[in-house]
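1. can't give you the sequence, but here's the structure:
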């Protein structure tokens, strides 16, 4: 690692090929630190994570083929995502629990995401070495695996890291095909069978991970490469009929089996909801205007975003080489370059990888930070190439606006470092704290040593970010990255290892379940754990933690929901009613309040002020009445 950092600081080490095993070891160590620290300490995070985990749990507990074909959350079909992530999580849980999924924990469902993110980093390392050399691949891989959006996602049991891995592997195979074609463009027949089959195999995996994303990324990249070099024969040499056969063998069987279980109309509706509906309107309130990913990239891809804007200009200039007339206007020069069939193949490939997918997601109304993860390896590669090229790699002479951008990058980095500890201190100062005891699963115990280490890591990270900014404004970009990378690692380790687990005030589910566990003497792993009726707070994390023993009774108490709540109380003696404190008095005739809790629901931004009522038997209801 020290040798890598020294070579980076020379800004010329990218020309040298270092050891693959050393580079892979560095990526592995870094990934282990940022992904595994806190993977078990952070409670289940609403809202997507518990849905994925619950569907995988029900697969692991199932005993029929249908249980493994159609994901279910409770008694609801979950076809928002294809099944690959569930097929990864469920076996992981079975292995980790020795075949008894009742002993599962949330980290077991998160582990496939962390592994996929690590493998995507190794794939980026391999691709960068093939394109530009050893240190470019290493820098790109490290900046990818530590970027905040990927580290955050790797601490959740979701499908985006599996999609990232499948897409990155597919692009590695496509690059091999592109290079083979460029070496012998006039050769007869298709491209070598091994990389083309690997390409189509990874496309199929991507389809099973998240539908049409991987085919779109691969297809647009291949199209851009062929169009840029006026070489349409490349598309035919990718063996499309072989590809259809591979896709038919891997993806079609699941589609047919799922259609047999739920019907074609249900599958078609799920596809329409996930693809077309999200494109036209903001699903789940997550709409944003075009430009969202441009603005947020500086934070989501920190610290690699230091020179990404400049690196994109360099990418375009090298992808299309052309001489322009002196004094020509911007549009004339742009058109001349764009129509030029000459340029560097690696830059054309990365341009085709990043731009069409980026533009497509900017136009889609629904926006989440992780949506453009499949193009992050491309961004990491052309950004790393520019960083290690130094000033001579810049597409223009740096000016005041560029240095203002470096300052904004530093401010964003400082905010990323300080946000979690500032929130933790603010909650503590206002008395918004919750005890460690009385929760289920039990919160991580507070430790003075861990808090001190996290504080030292945070302050060190902040200092390193400032030093990185000072290096950047002096045009020493490699040194800036040498400082910013450990700063990010230290900050993320402190965030997920100490600061986020300490925010118990916002993790309401473990506290609610802990109240029921303490009062009933049963845990959710017991088959006779009581049911919980939820009014107001009824998040999916509560459904997952109680092992599907949550009955949702409405968002609030009103004339419409009151009869259903009363009926639930009558039908569930021994159960527990979770209800807003302001309405608890109306239902004490069904039982007694055993505890109250206050908190904050980060999923909808509302405060939590609830009471937990233990329901008596029906005879007691009549007596109380």
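-> Yep, that arrived. Here the structure is a predicted model, which is why all the values come from computation and not from measurement. Numbering: from 1, shown residues only.
2. which SS state does residue 610 fall under?
-> Following DSSP: H, G, I helix; E, B strand; the rest coil, residue 610 is assigned to strand.
3. distance of it relative to residue 411?
-> 38 Å (CB to CB, to the nearest Å). To be clear about C-beta, it is placed using only N, CA and C from the backbone, and glycine gets the same treatment.
4. likewise residue 259?
-> The gap separating residue 259 from residue 411 is 52 Å, by CB to CB.
5. same check, this time on residue 434
-> 32 Å.
6. for the two, indicate the residue with more neighbours.
-> Neighbours were tallied for residue 434 and for residue 411 using other CB atoms under 10 Å; the higher tally belongs to residue 434 (22 against 13).
7. dihedrals phi and psi, the more buried one?
-> Backbone torsions for residue 434, taken as degrees, to the nearest 10, come to phi -130, psi 140.
8. quick check: closest non-adjacent residue to it.
-> Spatial nearest neighbour of residue 434, excluding adjacent residues (CB to CB, 6 or more residues apart in numbering): residue 504 at 4.0 Å.
9. is it true that the one you found touches residue 438?
-> No: Residue 504 is beyond contact range of residue 438, at 10.5 Å (criterion: CB atoms under 8 Å).
10. which helix or strand in the protein has the lowest average pLDDT?
-> Every helix and strand in the chain was compared by mean pLDDT, DSSP states H and E; the lowest is helix 2-10, with a mean of 51.
11. and the longest helix for this structure?
-> In the chain, taking DSSP state H as the definition, the longest helix is helix 400-429.
12. show me what that one is packed against.
-> If you count contacts as 3 or more CB pairs under 8 Å, 6 or more residues apart in numbering; DSSP states H and E, helix 400-429 packs onto helix 292-300, helix 448-473, helix 477-494.
13. let's see 10 Å
-> Contact partners of helix 400-429 among helices and strands, from 3 or more CB pairs under 10 Å, 6 or more residues apart in numbering; DSSP states H and E: helix 148-154, helix 292-300, helix 308-319, helix 448-473, helix 477-494.
14. packing partners of the first one?
-> Contacts of helix 148-154 with other secondary structure elements, assessed using 3+ CB pairs under 10 Å, 6+ apart, are made with helix 20-36, helix 106-131, helix 134-146, helix 160-183, helix 292-300, helix 400-429, helix 477-494.
15. please repeat the previous calculation with a cut-off of 7 Å.
-> helix 20-36, helix 106-131, helix 160-183, helix 292-300 (3 or more CB pairs under 7 Å, 6 or more residues apart in numbering; DSSP states H and E).
16. TSV for those, including mean pLDDT, distance to residue 52 and mean neighbour count?
-> Output for the helices and strands packed on helix 148-154, formatted as TSV (pLDDT from 0 to 100; distance: least, CB to CB, whole Å; neighbours: other CB atoms under 10 Å):
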stretch	mean pLDDT	distance to residue 52	mean neighbour count
helix 20-36	96	17	18
helix 106-131	98	7	24
helix 160-183	97	10	24
helix 292-300	96	21	17
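17. can you add distance to residue 241 and give those helices back as CSV?
-> Output for the helices and strands packed on helix 148-154, formatted as CSV (distance: least, CB to CB, whole Å):
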stretch, distance to residue 241
helix 20-36, 35
helix 106-131, 27
helix 160-183, 15
helix 292-300, 35
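18. so which of those is nearest residue 384?
-> With CB to CB as the criterion, residue 384 lies closest to helix 106-131 of those, at 6.8 Å.
19. and the angle for the closest one with helix 160-183?
-> 20 degrees (axes from the mean of the first three to the mean of the last three CA atoms, to 10 degrees).
20. so helix 106-131 versus helix 134-146, what angle?
-> In terms of direction (the same axes, to 10 degrees), helix 106-131 departs from helix 134-146 by 160 degrees.
21. please, where are all the helices along the stretch 501-625 of the chain?
-> According to DSSP state H, counting those that start in this stretch, the stretch 501-625 of the chain carries its helices in the segments 508-520, 540-545, 562-571, 618-624.
22. tell me the buried residues in the longest one?
-> What it means is helix 508-520. By 16 or more other CB atoms under 10 Å, the buried positions in helix 508-520 come out as 508, 509, 510, 511, 512, 513, 514, 515, 516, 517, 520.
23. who are the contact partners of the residue most central in space within the chain?
-> Nearest residue to the geometric centre of the chain (CA atoms, centre = their mean): residue 153, 3.1 Å. Counting by CB atoms under 7 Å, 6 or more residues apart in numbering, residue 153 touches 113, 160, 161, 370.
24. got any ranges where the stretch 201-350 of the chain has weak pLDDT?
-> Counting by pLDDT under 70, the stretch 201-350 of the chain contains low-confidence ranges at 275-276, 278-286, 323-340.
25. the helices in it, which residues?
-> Using DSSP H, counting those that start in this stretch, helices in the stretch 201-350 of the chain cover 213-228, 233-236, 240-250, 252-262, 264-271, 278-280, 292-300, 308-319, 330-338, 345-363.
26. name the residues of the longest helix of the chain that are buried.
-> Buried, per 16+ other CB under 10 Å, within helix 400-429: 402, 405-406, 409-410, 412-414, 416-418, 420-421, 423-424, 427.
27. next: stretch 249-262.
-> Buried, per 16+ other CB under 10 Å, within stretch 249-262: 250, 251, 254, 257, 258, 259, 262.
28. so who does the last one touch?
-> For residue 262, the set of contacting residues under the criterion of CB under 7 Å, 6+ apart consists of 70, 77.
29. ok, it to residue 321 distance?
-> The value you get for residue 262 to residue 321, if CB to CB is used, is 53 Å.
30. equivalent analysis for the first one, please.
-> Residue 250 is 40 Å from residue 321, where distance means CB to CB.
31. other SSEs contacting the helix or strand encompassing residue 93?
-> Assigning secondary structure by DSSP states H and E places residue 93 in helix 84-96. The contact analysis (3+ CB pairs under 7 Å, 6+ apart) places helix 84-96 against helix 48-61, helix 106-131, helix 160-183, helix 193-210.
32. residue 452: which of those is closest?
-> Closest among those, using CB to CB: helix 106-131, at 24.9 Å.
33. can you pull the buried residues of stretch 81-98?
-> 81-90, 92-94, 96.
34. go on, stretch 217-224?
-> Across stretch 217-224, burial judged by 16+ other CB under 10 Å covers 217, 218, 219, 220, 221, 222, 224.
35. of those residues, closest to residue 570?
-> Closest to residue 570, out of all of the buried residues of stretch 217-224 and judged by CB to CB, is residue 217, at 54.3 Å.
36. the closest one touches residue 372, doesn't it?
-> No: using CB atoms under 7 Å, residue 217 is not in contact with residue 372; the gap is 10.2 Å.
37. identify the contacts common to those two.
-> Common neighbours of residue 217 and residue 372 are listed as residue 357 (criterion: CB under 7 Å, 6+ apart).
38. measure the nearest residue to residue 487 once chain neighbours are set aside to residue 418 for me?
-> Nearest non-adjacent residue to residue 487, counting by CB to CB, 6+ apart: residue 464, 3.6 Å away. Distance, residue 464 to residue 418, using CB to CB: 13 Å.
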